[in-house]
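Enquirer: the sequence and its predicted three-dimensional model are supplied below.
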Amino acid sequence: MNTTQTARPALRFLSADTTTGIVAYAVASQHDASRTNIISLDTQTGATFCTCRASECNHTCWHETAIVAAWANEQAQREVIWLTDAQLVRYGKKHALCVATYQARTGRSRIEDRVALLVARGEYRRRVRLSLIERDALISQRAA
Ligand SMILES: [Zn+2]
């Protein structure tokens, strides 16, 4: 097994069909420069589909894991931007608790919770950096 970490390219958002609930992303093939892989996610069932060579051979590819994280990130980014500072702190704590609970009970946490936690932390840091965060939210975060 190759343990060398190679940087994987980020998936590029293509479309979200509000009728079917299917979202699609694209990523350039790392093996064939002339090829673009299309990955889809059924947001209602969680089923994934990919057009890459590994998928053609019925292997699970990294794209199908990556699209779940990419879509969770997209959703979390949209959610946190509208939250008040206090709501943002609660949102982050809720997902931190979910990560810890799943980790303790099953040995692994849900990718949606991990992504939401990362997004919440990023938004919190952004607000602190820009001095946008309310003093009460800052104090409650430190007290916790
Ligand atoms: Zn694939």
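Expert: Received it, and whenever you're ready, just let me know what you need. Residues are numbered from 1 along each chain as shown.

Enquirer: please count neighbours and contacts with C-alpha atoms only from this point.
Expert: Noted.

Enquirer: which residues of the protein lie near the ion?
Expert: 50, 52, 61, 63 (C-alpha under 5 Å from the ion).

Enquirer: excluding chain neighbours, what is closest to the first one?
Expert: This means Cys50. Ile39 (4.3 Å; C-alpha to C-alpha, 6 or more residues apart in numbering).

Enquirer: which phi and psi values does Val27 adopt?
Expert: Per-residue torsions, Val27: phi -150, psi 140 (degrees, to the nearest 10).

Enquirer: surely it is in contact with Thr36?
Expert: Yes: counting by C-alpha atoms under 8 Å, Val27 touches Thr36, with 5.7 Å between them.

Enquirer: more neighbours, the two?
Expert: Val27 (19 against 14; other C-alpha atoms under 10 Å).

Enquirer: surely Ala16 is in a strand?
Expert: Yes: applying DSSP: H, G, I helix; E, B strand; the rest coil, one finds Ala16 inside a strand.

Enquirer: which one of the residues of the chain next to the ion is nearest to Arg125?
Expert: Checking the residues of the chain next to the ion against Arg125 with C-alpha to C-alpha, the nearest one is His63 at 28.9 Å.

Enquirer: so how far is the helix or strand harbouring Glu74 off the chain centroid?
Expert: Using DSSP states H and E, Glu74 maps to helix 62-81. Chain-centre distance of helix 62-81: 3 Å, with C-alpha atoms, centre = their mean, to the nearest Å.
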